[in-house]
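Student: Predicted model follows, preceded by the sequence.
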Amino acid sequence: MQPLIDHARSFREQSAERPEEFARLAKGQSPQVLFITCSDSRIVPALITGARPGELFELRTAGNIVPPYASQQPTSEAATIEYAVEVLGVTDIVVCGHSHCGAVGALVRDEDLTAVPAVRDWLAHATPRPEGAVGDPAVAEAVQGHVLTQLLRLRSYPCVEKRLAGRELRLHGWFYEVHTGSVLAHDAQSDSFKAL
């Protein structure tokens with residue numbers, strides 16, 4: 001924890017060297033991309049994309065799960081998606097899964113999650129259950145299929161559906177390889193993930 005505290009203390013000094021940038025951020029945000037990814041600490045969207053403050057609107061959930069849309073029971077995730085699309089006017093949404101995902105791995109291996117009931121109940125939103133090789137520690141195939149399922153789920157959100165119909169929004173499926181740093185993107189024509 002101490003290195004994080006030390007950096008936070010020195011951050012103000014570093015930011016004082018760029019007063020225009022921070023003054024601009026104080027006036028508001030106008031990100032063009034909603035980046036939905038896993039809560040996993042190894043995934044750092046700004047590091048992967050090179051985004052500066054204010055360029056990405058992030059939604060992080062265990063297993064990068066987009067829950068089903070339910071207007072009668074709004075969720076934090078639905079509110080974040082709706083705000084990004086309707087208020088901020090993002091033009092792109094990226095769902096980024098990653099190799100070695102503990103959430104998807106637990107589903108593929110049908111692990112007993114009774115000791116963590118909130119996790120178990122959250123992962124129940126990952127329907128259909130991702131399929132892949134049980135022995136693959138990277139769970140690459142399962143995560144890639146899971147990303148596509150989340151993109152389909154996004155399409156059921158009224159705000160997303162409306163903006164897609166008006167050609168004002170694009171959806172992207174990405175797969176980040178933790179062990180190599182490579183990013184693959186889903187190619188609709190070949191229905192496969194290819195290097196960016």
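Tutor: Nice, thanks for sending it over.
Student: Quick check: residue 57 is in a strand.
Tutor: Yes - applying DSSP: H, G, I helix; E, B strand; the rest coil, one finds residue 57 inside a strand.
Student: Who are the contact partners of it?
Tutor: 29, 31, 33-35, 80, 84, 88, 90 (C-beta atoms under 8 Å, 6 or more residues apart in numbering). (Each C-beta comes from the backbone N, C-alpha and C, glycine too.)
Student: would you put the C-alpha positions of the helix or strand of the chain with the lowest mean pLDDT in PDB?
Tutor: Counting by mean pLDDT, DSSP states H and E, the chain has its least confident helix or strand at helix 2-16, which shows a mean of 78. C-alpha atoms of helix 2-16 as PDB (Å, rounded to 0.1, in the frame of the first residue of the first chain):
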ATOM      1  CA  GLN A   2       2.800   2.400   0.800                       C
ATOM      2  CA  PRO A   3       4.000   2.800  -2.800                       C
ATOM      3  CA  LEU A   4       0.500   3.800  -3.800                       C
ATOM      4  CA  ILE A   5       0.300   6.300  -1.000                       C
ATOM      5  CA  ASP A   6       3.700   7.800  -2.000                       C
ATOM      6  CA  HIS A   7       2.600   8.100  -5.600                       C
ATOM      7  CA  ALA A   8      -0.700   9.700  -4.600                       C
ATOM      8  CA  ARG A   9       1.200  12.300  -2.500                       C
ATOM      9  CA  SER A  10       3.600  13.100  -5.400                       C
ATOM     10  CA  PHE A  11       0.800  13.100  -8.000                       C
ATOM     11  CA  ARG A  12      -0.300  16.700  -7.100                       C
ATOM     12  CA  GLU A  13       3.200  17.900  -7.800                       C
ATOM     13  CA  GLN A  14       3.200  16.100 -11.200                       C
ATOM     14  CA  SER A  15      -0.200  17.500 -12.100                       C
ATOM     15  CA  ALA A  16       0.900  21.000 -11.200                       C
END
